[in-house]
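1. Predicted structure and sequence below. I'll ask about it afterward.
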Amino acid sequence: MLRNVMQVGCLLVVAATVTGCAFGTRQAPLSYPPAPAGEVRQTAPTVEASKNTTIVLEKFNDERTDKSVVGTVRNGFGMRTADVVASKDVAEWVTSAVGTELRAHGYRVVGTAEQDGKSSRVVEVSGSVLNAFCDMYMSYTGQVSLLAKVKGRDGELIAKHYSGEGSAGLVMAATGESFGESLALALRDALGKFMADLDGKLAGQ
């Protein structure tokens, strides 16, 4: 009984806190890889290419239904009270993150105008951003979905939707940084699935 009372009390405190800071547009800093809000964000480590495959990475298209926002702020009653906007171009953010993951997995990554024949195998990676949105009530719910395409010399190797979820945890102040962290975690989740498919596909050839 006492535990239930304490849980309800905690929820009421959180609801009151969220209600008190529910107004005003937030800006979500889009970075990658993700790092907890309030901590110094580390840059991705430089990894020397270990695979004899060059990835030609094309910029992803932004095909989200609403490109103006990447999240919403709700008060303690669940009512939408403010928007969350991105600090940078969402398609560029996703493309850069894809490049980061490819390099971390040992691939050499170049742009469309940088092909130089240094690798025996060249693969093209492209795609579209279908969703990048973080909702919140008592906790953050970040969701990112992509359509990723991989094309080799003999045709299309992958054309598949990938979705990921991420959360910065319990909402205390509805900060832009927490929205950004949730989206970065969701993107990492989605890209983890894509990289597993890519590694498996290329290893099997």
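-> That came in fine, so what should we check first? Numbers count the residues shown, from 1 in each chain.
2. When you work out contacts or count neighbours from here on, use the C-alpha atoms and nothing else.
-> Fine.
3. What are the boundaries of the strands in this protein?
-> Using DSSP state E, the strands of the chain run over 26-28, 53-57, 61-62, 71-74, 80-86, 108-110, 121-136, 140-152, 155-166.
4. Of those, which stretch is the most buried?
-> For these, average neighbour numbers computed from mean count of other Cα atoms under 10 Å are highest in strand 71-74, which has a mean of 25.
5. one step back: just put the strands of the chain in a markdown table and tack on distance to W93 and mean pLDDT.
-> Below are these laid out as a markdown table (distance: least, Cα to Cα, whole Å; pLDDT from 0 to 100):
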| stretch | distance to W93 | mean pLDDT |
| --- | --- | --- |
| strand 26-28 | 12 | 95 |
| strand 53-57 | 13 | 95 |
| strand 61-62 | 11 | 98 |
| strand 71-74 | 16 | 94 |
| strand 80-86 | 10 | 93 |
| strand 108-110 | 16 | 94 |
| strand 121-136 | 10 | 96 |
| strand 140-152 | 12 | 97 |
| strand 155-166 | 15 | 97 |
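6. Tabulate those (JSON lines), appending distance to F179.
-> Putting the strands of the chain into JSON lines (distance: least, Cα to Cα, whole Å) gives the following:
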{"stretch": "strand 26-28", "distance to F179": "6"}
{"stretch": "strand 53-57", "distance to F179": "27"}
{"stretch": "strand 61-62", "distance to F179": "19"}
{"stretch": "strand 71-74", "distance to F179": "7"}
{"stretch": "strand 80-86", "distance to F179": "8"}
{"stretch": "strand 108-110", "distance to F179": "29"}
{"stretch": "strand 121-136", "distance to F179": "6"}
{"stretch": "strand 140-152", "distance to F179": "7"}
{"stretch": "strand 155-166", "distance to F179": "10"}
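7. hey, what's K151 bridged with?
-> Beta-bridge partners recorded for K151 (DSSP bridges): E124, E156.
8. what's the helix ranked longest in the chain packed up against?
-> For the chain, the longest helix by residue count, based on DSSP state H, is helix 176-203. On a contact count with 3 or more Cα pairs under 8 Å, 6 or more residues apart in numbering; DSSP states H and E, helix 176-203 meets strand 26-28, helix 90-104, strand 121-136, strand 140-152, strand 155-166.
9. can you do 10 Å?
-> Where contact means 3 or more Cα pairs under 10 Å, 6 or more residues apart in numbering; DSSP states H and E, helix 176-203 is packed against strand 26-28, strand 71-74, strand 80-86, helix 90-104, strand 121-136, strand 140-152, strand 155-166.
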